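**Student:** give me the fold of what follows.
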Amino acid sequence: MESNSFNETIGIWISDKKSQKLNWKELINTCAAFNYNVVKLDLDQSLDDQARIDVFLHKLTDIIAAADQGDPKASIIINRVEQFLSNHPEIVVIDPLESVRILLNRNCYYSILQDETSFSNQGIFTPNFAEFTYNVIERNIEIMKQRGVTFPLVCKPTLAHGSKSAHEMVIIFNEKDLGACKPPCVVQSFVNHNAVLHKVFLVGDRYHICERPSIKNFTSSENLDPIYYSTGEVCKADSQSTLSILDPHDNADITLTVNEEKIKSIIRVLRKKIGLLLAGFDVVIDNATGNHAVIDINVFPSYDNFPNFFEHLLDSINNIRKANGHINGDCNGISDLTNRLNGLYNVGRDPVKYGVKGMNVD
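**Tutor:** Next up is the predicted model:
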């Protein structure tokens, strides 16, 4: 994979599972067009001995999460990476580990979103939430009341990455079933949104919006049992889950159209407060008010439907390196286009449907 014909090198690390999904040929060809060599890094070995790299591209979320939970092997790897990056401050990191850590904790990033005062007058919000650290129902009911969390609610693990269970959710309809929560977890008021989820994928200043199936409308109930589900199953593009089928009394004729100005406002806040180049977030539209609710944020999400993902990624990397003085003058890519647009750019506006090519990392 390594070649000496290029002066610039991108070192990449993703898990073996994710690596099998990646279109390496397209990645290498696109990097070559931008005058970059690609090196697949081995985190079990000294990084200094593998290659001189100019860019470190990674998805270390699961390893960071494990290290933060005290896993000794993961801690050794993360310490090795952090020491390497500290010794080489000239390397551009996509994305900084300290920024990634913010999105490992749902309570942390929900707090950032809820504290954003500019959202309230734009029709943007994060549903009320609370963190449970103990499985004591009476105490948790009190915490919910203090935080304004109402039934039905969605219970989610506090840890947003690091295991399959991070994507396992429970819908709870009443106080007596709060025992279904397994702390540490976050409970969040459920927003009726006619079973439509809007996933927004970010690459720097470029974004793409995809519509996905979601959970149908619910109201609080003393009779309904908790509903357990995985977002990876219910909210994937080709999902046929019965949880996404609206009940007859729901007004399915109401069209809830995503407002791109609200989406842009959310993007600007995330870039300012968290600063990731590669991120995504999930939005649902309240079917009673039309307000946009941000219900999750992800590090380095799947980009399988992002048009020309590798070109946008490399162009964004070059823009960062140019801003940091690492490269000068013009560079290959589509920077001129985004510079002319002078702001956020929806790469999915072209009605032509692109094939599934690119990173395809979950």
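**Student:** taking the centroid of this structure, which residue is nearest it?
**Tutor:** Taking C-alpha atoms, centre = their mean as the criterion, N298 is the residue nearest the geometric centre of the chain, at 1.5 Å.
**Student:** who does the nearest residue to S165 once chain neighbours are set aside bridge with?
**Tutor:** Of all residues beyond its chain neighbours, the one nearest S165 is P157 (5.8 Å), with distances taken as C-beta to C-beta, 6 or more residues apart in numbering. Any C-beta I mention is one placed from the backbone N, CA and C, and that applies to glycine too. Beta bridges link P157 to C185, judged by DSSP bridges.
**Student:** contacts only, for P157.
**Tutor:** The neighbours of P157, taking C-beta atoms under 8 Å, 6 or more residues apart in numbering as the test, are 106, 165-166, 168, 182, 184-186.
**Student:** take the residues you listed and write them to CSV, including neighbour count and pLDDT.
**Tutor:** Below are the contacts of P157 laid out as CSV (neighbours: other C-beta atoms under 10 Å; pLDDT from 0 to 100):
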residue, neighbour count, pLDDT
R106, 23, 96
S165, 10, 84
A166, 19, 87
E168, 17, 94
K182, 13, 95
P184, 15, 96
C185, 22, 97
V186, 24, 98
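**Student:** which one of those residues is nearest I266?
**Tutor:** Nearest to I266 out of the contacts of P157 is R106 (C-beta to C-beta; 16.5 Å).
**Student:** where exactly do the helices run in this structure?
**Tutor:** 16-21, 24-33, 61-68, 72-87, 97-102, 106-114, 137-147, 231-234, 260-273, 309-323, 335-341 (DSSP state H).
**Student:** will you turn those helices into CSV that also has distance to R52?
**Tutor:** Output for those, formatted as CSV (distance: least, C-beta to C-beta, whole Å):
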stretch, distance to R52
helix 16-21, 22
helix 24-33, 16
helix 61-68, 23
helix 72-87, 12
helix 97-102, 20
helix 106-114, 34
helix 137-147, 50
helix 231-234, 38
helix 260-273, 29
helix 309-323, 15
helix 335-341, 25
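**Student:** how's this structure carved up into domains?
**Tutor:** 8-95+303-346, 102-299 (automatic domain parsing).
**Student:** where among those domains is average confidence lowest?
**Tutor:** Lowest mean pLDDT within those: domain 8-95+303-346, at a mean of 87.
**Student:** how long is that one end to end?
**Tutor:** In domain 8-95+303-346, first residue to last residue: 29 Å (C-alpha to C-alpha, to the nearest Å).
**Student:** give me the distance from it to the chain's centre.
**Tutor:** Here domain 8-95+303-346 shows a centroid-to-chain-centroid distance of 16 Å under the convention C-alpha atoms, centre = their mean, to the nearest Å.
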